[in-house]
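In: can't give you the sequence, but here's the structure:
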């Protein structure tokens, strides 16, 4: 079964929405990138309009920025501590936006979307 970016067929109350339009190719969605902690692997994807997106499949560094120093530096990610998107992601070492990672400088929260942007940006907690 194909992944879709359309509205669900069910309401929050459990009732049904009556669909007036059939499925279209433009409604198809791609599988999530699920960026893992590991050596660098990227995938370039052609999007609508001929634009390009860089999918980060795995990465082991983060661009760490600090509010006090107003600077950023590239640091190695040691571990994924917590992930608010899914409890299981921390155990599987999947990095998404909002994930808390451990670096040599301390714990940091990921602010970028690695599966969409192609980088891991983080700020110190």
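Out: Great, that's in hand. For clarity, every value in this text was computed on a predicted model and none was experimentally measured.

In: Now do the buried residues in the lengthiest strand in the chain.
Out: When the chain is scanned for its longest strand (criterion: DSSP state E), the result is strand 71-82. Within strand 71-82, the residues that count as buried by 16 or more other Cβ atoms under 10 Å are 75, 77, 80. Backbone N, C-alpha and C define where each C-beta goes, glycine included.

In: What separation is there between the last one and residue 47?
Out: Translated: residue 80. Residue 80 is 27 Å from residue 47, where distance means Cβ to Cβ, to the nearest Å.

In: what residues are up against residue 104?
Out: 75-76, 78 (Cβ atoms under 8 Å, 6 or more residues apart in numbering).

In: Equivalent analysis for residue 36, please.
Out: Contacts of residue 36 (Cβ under 8 Å, 6+ apart): 57-58, 92-95.

In: Let's see that with 7 Å instead.
Out: Residues near residue 36 by Cβ atoms under 7 Å, 6 or more residues apart in numbering: 57-58, 93-94.

In: Please enumerate the strands of the chain.
Out: 35-37, 41-46, 52-59, 61-66, 71-82, 94-95, 100-103, 106-110, 121-124.

In: Which of the ones you listed has the highest mean neighbour count?
Out: strand 94-95 (a mean of 26; mean count of other Cβ atoms under 10 Å).

In: would you turn the contacts of residue 104 into CSV with pLDDT and distance to residue 4?
Out: Shown next, in CSV, are those (pLDDT from 0 to 100; distance: Cβ to Cβ, whole Å):
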residue, pLDDT, distance to residue 4
75, 94, 38
76, 94, 38
78, 94, 37
